[in-house]
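[1] Whatever this is, show me its structure:
(one chain, ligands or ions: 1)
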Amino acid sequence: MNASEFEKQNLFHSGTSLPESYVPNFSGRAYLNPLTESLNIANVTFEPGCRNNWHIHHKGGQILLVIAGRGWYQTWGEPARKLLPGDVVEIPPETKHWHGAAKDSWMSHLAIGLPADGGSIEWMEAVESSEAALLDGAEG
Ligand code: MN
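    Next comes the predicted model:
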């Protein structure tokens, strides 16, 4: 599926390229469409093969609602979980994890940042390519 076909399924739309400050924390291209201000809800769209680095949401945690395409979510020390439209991922604070698209598919999810005093994101190392290759081989 090409980008314009995917966009028809991407109900909350791609928006614009990620802010520059986020780019070093993503492997590949991603897009951000902020939707609300009272609560931080944004649509994040990953091009095929794009993932974010391992990271931790301190204090607040995060909820992902998968909108379109296929992707992966992984918590440190656990097997990766395949993501499909309609899937819900509840990420507790202080949990090291990453999320992103499958190698051969776009993926979009709403990202809801759970409000907390002093909440922050700590960005860490990229997902090892050997690990990503295993996932890509498992998709069938
Ligand atoms: Mn996250």
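[2] Can you give me the pLDDT of P85?
    pLDDT recorded at P85 is 98.
[3] actually G77, not the one I wrote
    The model's pLDDT for G77 equals 94.
[4] Can I take it that S4 is in a helix?
    Yes: under DSSP: H, G, I helix; E, B strand; the rest coil, S4 falls within a helix.
[5] any idea how far it is from N10?
    Relative to N10, S4 is positioned 10 Å away (C-beta to C-beta, to the nearest Å). (Each C-beta comes from the backbone N, C-alpha and C, glycine too.)
[6] Neighbour count: the two, which is higher?
    Taking neighbours as other C-beta atoms under 10 Å, S4 and N10 compare with N10 leading, 21 against 7.
[7] who are the neighbours in contact with that one?
    43, 45, 67-69, 106, 108 (C-beta atoms under 8 Å, 6 or more residues apart in numbering).
[8] mind redoing it with 6 Å?
    Counting by C-beta atoms under 6 Å, 6 or more residues apart in numbering, N10 touches 68, 108.
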